[in-house]
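J.: Return a 3D structure for these sequence lines:
(chains A, B, C and D)
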Number of protein chains: 4
Amino acid sequence: MIILGIAGSLRAGSYNRGLLDAAAELAPEAMEIRVWDGLRDVPHYEAALDTDERRPATVVELKRAIAAADGLLIATPEYNYSIPGVLKNAIDWASRPGYKSELVGKPAAIMGASGGAAGTARAQIHLREVMYSTLARVMPHPGLLVGGAAAKFTDGRLTDEPTRAFLVDFLGTFAAYVRQQAPR
Amino acid sequence: MIILGIAGSLRAGSYNRGLLDAAAELAPEAMEIRVWDGLRDVPHYEAALDTDERRPATVVELKRAIAAADGLLIATPEYNYSIPGVLKNAIDWASRPGYKSELVGKPAAIMGASGGAAGTARAQIHLREVMYSTLARVMPHPGLLVGGAAAKFTDGRLTDEPTRAFLVDFLGTFAAYVRQQAPR
Amino acid sequence: MIILGIAGSLRAGSYNRGLLDAAAELAPEAMEIRVWDGLRDVPHYEAALDTDERRPATVVELKRAIAAADGLLIATPEYNYSIPGVLKNAIDWASRPGYKSELVGKPAAIMGASGGAAGTARAQIHLREVMYSTLARVMPHPGLLVGGAAAKFTDGRLTDEPTRAFLVDFLGTFAAYVRQQAPR
Amino acid sequence: MIILGIAGSLRAGSYNRGLLDAAAELAPEAMEIRVWDGLRDVPHYEAALDTDERRPATVVELKRAIAAADGLLIATPEYNYSIPGVLKNAIDWASRPGYKSELVGKPAAIMGASGGAAGTARAQIHLREVMYSTLARVMPHPGLLVGGAAAKFTDGRLTDEPTRAFLVDFLGTFAAYVRQQAPR
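T.: Numbering: from 1, shown residues only, chains lettered A, B, ... in the order given. The predicted structure is shown next:
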C-alpha cells in the first residue's frame, strides 16, 4: 500500500513535516509513506496554465504521484483558522478537472500539529471540506490533532511517546480504511 | 474614504475582477476603490522570508496599501468549496505578525461571483472565518453572492442591472459600516 | 435496501418534507425510503435523561430505526446559516454514546431545499461536519441543493421536472454508495 | 452595562454554566451579567407558533431580555463538532423575524469549555457563523476556549487561576467592545 504524504508547511523543521516523517517511520509494514516535497515549486493556480500544453511539470508530477498512490496523508498547520494558502493552492491544481481529477475516490487521512491547544482543529475542518469537494474520501475518524507541539517535538522530530503511540493506532486505522474504500 | 479592492482570481476576464471593477465604478462619491493587482507576484508564505530584511517587496506594498486604506473589499471565487490558495496565501502574509498586523480592526466586506447557483456561499464562509482570525472586522450583512455569473457578465463586465443595483446598495451599506467601525 | 428519511423542519407543507416525499416516490426499485416523523417529539437533549432507564421512547425508536436502516437520507432547511436546532437536537440524541452509536459507519446522504438561491449550501456544510463527527459516512457527491423552492413546489409537492430528474440520479448514486460502503 | 448570559447546556453542574457563573462573578464593575435560565423551556422552533398570538411566553421573555441587554455572552459546549441543538433552537427563535430581530447589531462574545483539548473550537466556529447570520456583532478576539475542563472546575465552579485571570481580561475586552459597537 502506497500512501502519498504531504506536509502543508514550507518551514524547515516544521512540526507538520516532523509529524509526517514520524508517520513514515511508524507506518504499519504493509504501508509505505512517500513524502512529497514539491509544494514550494507549485506555482499559483491559474486556469490559463492548466492545459495539457502548459501545465507545470511539478503539477504533472503531483498528479501522477496521487494517481499512483492508494491514499493520501496530509499534515496541515493552521494559518488564520484555515489551511495554508500554499497547501490549498496545490490542492486546487490537483483537483482539476473538477470531479474528474486523480483525487476522486482517493482515501485520505488528515492530521496536524500546532503550538496552540486546539492543534489545528479549525484548519482540519476547512481541509476536510476542501477534500470533500474533490471527491476524495476522507477518513471520518479518528482525527489526529497534536496541540502544544513545542513540548512534543525535539529538533523537528516527534518525540512525545503518547503521541507516537496514538499515531501508530491512527495509521493502522487508516490502513484498514484504505482497504475498505478500495474498488471491489 | 479609501477602500483597497482585491480580487481572488488570476484569470484574465475573471468574474470576480469584473465584479470588483463594477464596484469601483459604482462606489458612492465618498468612496474610492483602489484595485490591488499584485496577487500573482506574492510568493508562497514562508516564515523564513517574513523578516524585515527578507520580506518580498510585493508583500511590503500590500501591507502598506492595507494600512493606508480605510477598509477592504474582497471579491472571491470559490475553488473546492473554499477560497483560492492564491488569495489565502496573500492573506497569510498580510496577517503577520499575528494579532498585530495591518489587518487588525480593519473593516472589510466580502463578495463573490461564480457560475454555479450557490454563488461562492461556501468560499465566503471560509473567507469570513479567515478574516475573523486576522481581527479584521467583516461587515455582517448583506452578503453579495452573484450566482449564475455567465448570464450576468459580458466580456468580463458586470452587465446585469439588478446585480448592479444591489451592488450600489451593498457599497452604500459598507460605507456606513466603515464609518461606524472607525476609532472614536 | 431500507433508507431512513428525516426532514429537518416541523413546518406543515415544508419544502424539505416535500423533497423527502418526492425521494420516497422516485427511489430506485431496490430502495425503500421510510420517512421518520418523530422529530417534534424528541425532547431537548440532556445527559441525565440519556440512560437506559430514562431515555425517551421516541429516542429509543429513532435509534432502532437507524439501526434497522441501511442508510440515512436527511433533508434539511437552512436556519441562520446552519441546520435547525430541532434537527441538531435529534442528531445529538442519536449520536450517543459518542463513537459507539447506531450512526457509526452508517451511509448518509444530505439534501435540502430553500427559498433562496444558495439552497441550503451553508446548512449542508454544518450538517456534513456534524454527521462526520458521528462517524456516519456521508456521500461526498453529488450534493442536492434546491434553491428558489417557491417555484419548484406546488402545494408542498416537488413539481419541477429538472429537479425531479436530478433527484432520480441522486438516489441512484446513493444506492450505489450504500452498497459500496456496506461491510464486506 | 447589562449583559445577558446564556449557557448552552442543560446539564446540572455543566462546565459552561460554571464558566458563565465565573464570568458573572469576575465581570468588571460596570458590567452586570444576568444569566438566563430558560433554555430548557423553549419549545422546538416552528413557524406556525411564531406569531404574536401564539409565541411561547418563554420566547417572548428571551427576546425582551435580549432587547434590554447591551450585549450577549454565550457559553457553549461542543456536541458533535457543533453547538447543542437546544442552544441552536433558542437562537432560531431569537433570530426571528430574519434581519429584524432583537439580535440585530447586538454585541456578543463567545466562550466555551469542554473536557477535550480543543475546548469547543469547532462549536465556536459554528456559533460564530450562526450569530453572524443574525446580524449580531460577535467580538472577533480573543476567543475563550477552556479545554481539559475536568481539571479546571471543582464541583461545577471554575477554580483554575490562569483561566480565571484570562476570563477577567476577556470580559474587560468585551466591555470595551460593547462600548465601541454602541450606536453613536
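J.: Dig out what the residue most central in space within chain A forms beta bridges with.
T.: For chain A, residue A:74 is the residue whose C-alpha lies nearest the centre (CA atoms, centre = their mean; 1.1 Å). Per DSSP bridges, the residues bridged to residue A:74 are residue A:6, residue A:110.
J.: Can you get me a residue count around the closest residue to residue A:68 other than its chain neighbours?
T.: Spatially, and ignoring its direct neighbours in sequence, residue A:68 is nearest to residue A:2 (6.5 Å; CB to CB, 6 or more residues apart in numbering or on different chains). Backbone N, C-alpha and C define where each C-beta goes, glycine included. The number of residues packed near residue A:2 is 13, by other CB atoms under 10 Å in any protein chain shown.
J.: Let me know the distance separating residue A:2 from residue A:12.
T.: Distance from residue A:2 to residue A:12, counting by CB to CB, to the nearest Å: 26 Å.
J.: cool, and residue A:146?
T.: Residue A:146 is 19 Å from residue A:12, by CB to CB.
J.: Please say which of the two ends up with more neighbours.
T.: More crowded of residue A:146 and residue A:12, by other CB under 10 Å: residue A:146, with 26 against 10.
J.: residue at max distance from the center of chain A?
T.: Farthest-from-centroid check, chain A (CA atoms, centre = their mean): residue A:53, 27.7 Å.
J.: SS state for that one?
T.: Under DSSP: H, G, I helix; E, B strand; the rest coil, residue A:53 falls in the coil class.
J.: So which bits of the helix ranked longest in chain A are buried?
T.: Taking DSSP state H as the criterion, chain A has its longest helix at helix A:161-181. Across helix A:161-181, burial judged by 16 or more other CB atoms under 10 Å in any protein chain shown covers A:163, A:166, A:167, A:170, A:171, A:174, A:175, A:177, A:178, A:181.
J.: count of residues packed around residue A:182?
T.: Residue A:182 has 12 neighbours, counted by other CB under 10 Å.
J.: Quick check: it vs chain B, distance?
T.: From residue A:182 across to chain B, the span is 24 Å (CB to the nearest CB, to the nearest Å).
J.: Leaving out sequence neighbours, find the closest residue to that residue.
T.: Per CB to CB, 6+ apart, closest to residue A:182 is residue A:70, 7.4 Å.
J.: wait, isn't the one you found in contact with residue A:30?
T.: No - between residue A:70 and residue A:30 there is no contact under CB atoms under 8 Å: 10.2 Å.
J.: shared neighbours of those two, which are they?
T.: residue A:1 (CB atoms under 8 Å, 6 or more residues apart in numbering or on different chains).
J.: Give me the more crowded residue out of those two.
T.: Each of residue A:70 and residue A:30 has its neighbours counted (other CB under 10 Å); residue A:70 has more, 17 against 10.
J.: Next one: the more buried one from residue A:180, what distance?
T.: 12 Å.
J.: Residue A:57: what's it in contact with?
T.: Contact analysis of residue A:57 by CB under 8 Å, 6+ apart lists nothing.
J.: Identify the spatial nearest neighbour of residue A:24, chain neighbours not counted.
T.: Leaving aside its sequence neighbours, residue A:24 sits nearest to residue A:33 (CB to CB, 6+ apart; 4.1 Å).
J.: does residue A:123 count as helix, strand or coil?
T.: helix.
J.: for the nearest residue to it once chain neighbours are set aside, what are its contacts?
T.: In space, and not counting its chain neighbours, residue A:123 is closest to residue A:78: 3.7 Å by CB to CB, 6+ apart. Applying CB under 8 Å, 6+ apart to residue A:78 gives the contacts A:112, A:114, A:116, A:118, A:120, A:121, A:122, A:123.
J.: Would you list the phi and psi of residue A:78?
T.: phi -120, psi 120 (degrees, to the nearest 10).
J.: ditto for residue A:129
T.: Phi and psi for residue A:129, reported as degrees, to the nearest 10, are phi -60, psi -40.
J.: Return the distance of the residue lying closest to residue A:129 once chain neighbours are set aside relative to residue A:141.
T.: Spatial nearest neighbour of residue A:129, excluding adjacent residues (CB to CB, 6+ apart): residue B:81 at 5.2 Å. Distance, residue B:81 to residue A:141, by CB to CB: 21 Å.
J.: what about those two, which has more around it?
T.: residue B:81 (22 against 14).
J.: pLDDT below threshold where in chain A?
T.: A:184 (pLDDT under 70).
J.: Within range of chain C, give me the residues from it.
T.: Selection of chain A residues close to chain C by CB under 8 Å from any CB of the partner chain yields A:99, A:125, A:128, A:129, A:132, A:135, A:136, A:137, A:140, A:141, A:180, A:184.
J.: Which pair of those spans the longest distance?
T.: Pairwise distances across the residues of chain A next to chain C (CB to CB) peak at 30.7 Å, for the pair A:125 and A:184.
J.: and those two? which has more neighbours close in?
T.: residue A:125 (25 against 5).
J.: okay but that one is in contact with residue C:128, surely?
T.: No - between residue A:125 and residue C:128 there is no contact under CB under 8 Å: 10.3 Å.
J.: For chain A, just list every one of the strands.
T.: Per DSSP state E, chain A carries strands over the ranges A:2-7, A:32-36, A:71-75, A:107-113, A:137-138, A:144-146, A:153-154, A:157-158.
J.: Now distance to residue B:46 too, for those, in CSV please.
T.: What follows is the strands of chain A, written out as CSV (distance: least, CB to CB, whole Å):
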stretch, distance to residue B:46
strand A:2-7, 13
strand A:32-36, 17
strand A:71-75, 17
strand A:107-113, 18
strand A:137-138, 27
strand A:144-146, 21
strand A:153-154, 19
strand A:157-158, 21
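J.: Please name whichever of those is nearest to residue C:41.
T.: Set against residue C:41 and scored by CB to CB, the strands of chain A come closest in strand A:137-138, at 34.2 Å.
J.: buried sites along stretch A:142-150?
T.: By neighbour count on 16+ other CB under 10 Å, the buried set for stretch A:142-150 is A:143, A:144, A:145, A:146, A:147, A:149.
J.: Same check on stretch A:44-58?
T.: Across stretch A:44-58, burial judged by 16+ other CB under 10 Å covers A:44, A:45, A:46, A:56, A:58.
J.: do stretch A:103-116 as well
T.: Buried residues in stretch A:103-116, defined by neighbour count with 16+ other CB under 10 Å: A:103, A:106, A:107, A:108, A:109, A:110, A:111, A:112, A:113, A:114, A:116.
J.: Residue A:172 touches residue A:28, doesn't it?
T.: Yes - using CB under 8 Å, residue A:172 is in contact with residue A:28, at 5.6 Å.
J.: and residue A:26, how many neighbours does it have?
T.: Residues near residue A:26, counting by other CB under 10 Å: 18.
J.: Residue A:37 too?
T.: Neighbours of residue A:37 under the rule other CB under 10 Å: 11.
J.: mind pulling up the phi and psi values for it?
T.: Per degrees, to the nearest 10, the backbone of residue A:37 is at phi -110, psi 10.
J.: re earlier: now for the residue nearest to residue A:68: which residues touch it?
T.: Going by CB under 8 Å, 6+ apart, residue A:2 touches A:32, A:34, A:68, A:69, A:70, A:71.
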